[in-house]
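Colleague: sequence unknown, structure follows:
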């Protein structure tokens, strides 16, 4: 057993954390390697921080990260995200390297491996260092099994493509590859702020993309924003108002036309949701209820959990009032200063905390210009047994 010391994010006091180095180390670390919880702290954390305070806190978090020879972490944004360099991801990682990545994910919520040139099997191995439902992965009961085809020697990875005409990729036949081509329409419909499978009781804790071929010229950038920071930046009155709220969700594919209509910023739905809810109810299709504000049991930190395209309204609130409130929160939380914009390069590997970050395709005319461009990537929603936990139990 290794005894590691971390500082509490709330007051700076030292917290002792035991990290196992046994073969079962990875799933254990998830709960044990943290930077302190609200219940551990004797002081009250201020509701928000200004830019300089956040930058200082980010640097302090980097300073507390375990050191591994030859590996460096560089901040990508004042609120979250690090560039990881110095690891050969095509080789199995040592226990110290694995611990470094787990701690970095817990602290920074997004890891970028720029131009990593990682083969599919190694991508799958790397992702399995993070906490996940091992049985579901072994039995290939993937939460995103509807994404086809899968990479044969790394079935955790789904292949996604836009306007790519391939005859072979990772052992897949030309006929199989046709299933991956989404054409250009999905480019247009992806402009919205969302979290992967946010309406699932066990929504993925980790999502990942490996970019084989980007559209280029910044046309297919992905935008990320912190939903922990989104909640923290709200005034106390608004925080108290939304803490008990629950979202009523429905997948767009369950509508007859299978479409949603959004504003340009991707923060508000404009389609007739009342009619769609009535239609799905008549067909016996249930809605899914989720807490709007969730809490990380390891750190005590609260964050918002939502996908614009799935949320119909807040429970007990009208559709208009729900959309007004959601749009206000998202508009503040996705202000340009709070966004990390990732411009994809070939072989970029990005892994992020899906319950802590909300993401969107590029919002603006450039995304429409990308509709006829080619793009090819591997996508993973890492299965988990851990249910989302409401900040205020309902």
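Modeller: That came in fine, so what should we check first? These numbers come from a predicted model, not from an experiment. Numbering: from 1, shown residues only.

Colleague: what about the stretch 101-250 of the chain, any weak spots by pLDDT?
Modeller: Residue ranges of the stretch 101-250 of the chain with pLDDT under 70: 183-191.

Colleague: Could you pull out the helices in it for me?
Modeller: 120-127, 134-138, 174-178, 185-189, 227-232, 236-242 (DSSP state H, counting those that start in this stretch).

Colleague: Tell me where the stretch 201-350 of the chain has strands.
Modeller: 206-213, 222-226, 246-249, 288-291, 293-295, 302-304, 311-314, 339-342, 349-353 (DSSP state E, counting those that start in this stretch).

Colleague: Look up how far residue 329 lies from residue 105.
Modeller: Using CB to CB, to the nearest Å, we find residue 105 at a distance of 25 Å from residue 329. Bear in mind the C-beta positions are built from the backbone N, C-alpha and C, glycine included.

Colleague: How far away from the center of its chain is stretch 269-289?
Modeller: 26 Å (CA atoms, centre = their mean, to the nearest Å).

Colleague: Tell me who's in contact with the residue nearest the centre of the chain.
Modeller: Centroid check for the chain by CA atoms, centre = their mean gives residue 354 as the closest residue, at 2.3 Å. Residues in contact with residue 354 (CB atoms under 8 Å, 6 or more residues apart in numbering) are 195, 196, 203, 204, 205, 206, 207, 381.

Colleague: ok, the residues you listed vs residue 125, which is closest?
Modeller: residue 206 (14.1 Å; CB to CB).

Colleague: in the helix or strand encompassing residue 99, what counts as buried?
Modeller: Residue 99 belongs to helix 95-108 when assigned by DSSP states H and E. For helix 95-108, burial by neighbour count (16 or more other CB atoms under 10 Å) applies to 95, 97-108.

Colleague: show me the contacts for residue 120.
Modeller: Per CB under 8 Å, 6+ apart, neighbours of residue 120: 151, 153, 154, 157, 170, 378.

Colleague: from those, which two are the most distant?
Modeller: Within those, 153 and 378 form the most distant pair, 12.3 Å apart (CB to CB).

Colleague: Tell me which of these two has more neighbours.
Modeller: Taking neighbours as other CB atoms under 10 Å, residue 153 and residue 378 compare with residue 378 leading, 24 against 12.

Colleague: Surely that one forms part of a helix?
Modeller: No: counting by DSSP: H, G, I helix; E, B strand; the rest coil, residue 378 is located in no helix; its state is strand.

Colleague: That one contacts residue 155, doesn't it?
Modeller: No: counting by CB atoms under 8 Å, residue 378 sits too far from residue 155 to count as a contact (11.2 Å).

Colleague: Residue 332 reaches residue 232, doesn't it?
Modeller: No: between residue 332 and residue 232 there is no contact under CB under 8 Å: 11.2 Å.

Colleague: With neighbour numbers in mind, choose between these two.
Modeller: residue 232 (20 against 14).

Colleague: ok so, going back, mind pulling up the phi and psi values for the residue nearest to the centre of the chain?
Modeller: phi -70, psi -30 (degrees, to the nearest 10).

Colleague: where's it relative to residue 326, distance?
Modeller: Relative to residue 326, and taking CB to CB, residue 354 is found at 19 Å.

Colleague: Residue most distant from the centroid, the protein?
Modeller: residue 282 (33.1 Å).

Colleague: now it: how far from residue 391?
Modeller: From residue 282 to residue 391 the distance is 34 Å (CB to CB).

Colleague: what does stretch 79-91 contact?
Modeller: Contacts of stretch 79-91 (CB under 8 Å, 6+ apart): 54, 58, 62, 68, 70-76, 93, 97, 101, 104, 108-114, 116-119, 122-123, 126, 224, 226, 229, 338, 340, 349, 356-357.

Colleague: Report the buried residues of that stretch.
Modeller: Those would be 79, 80, 81, 82, 84, 87, 89, for stretch 79-91 by 16+ other CB under 10 Å.

Colleague: Tell me the strands beside the helix or strand hosting the fifth one, with direction?
Modeller: In this assignment (DSSP H and E), residue 84 forms part of strand 82-85. Counting by DSSP bridges, the strands paired with strand 82-85 are strand 72-75 (antiparallel), strand 110-113 (parallel).

Colleague: Go through the first one and flag the buried ones.
Modeller: For strand 72-75, the buried set under the neighbour-count rule, 16+ other CB under 10 Å, comprises 73, 75.

Colleague: And for stretch 230-247?
Modeller: Buried residues in stretch 230-247 (16+ other CB under 10 Å): 230, 231, 232, 233, 234, 239, 242, 243, 244, 245, 246, 247.

Colleague: got the contact list for that stretch?
Modeller: 47-49, 199, 289-293, 302-306, 311-315, 317, 325, 329-330, 332-334, 338, 358, 390-392, 394.
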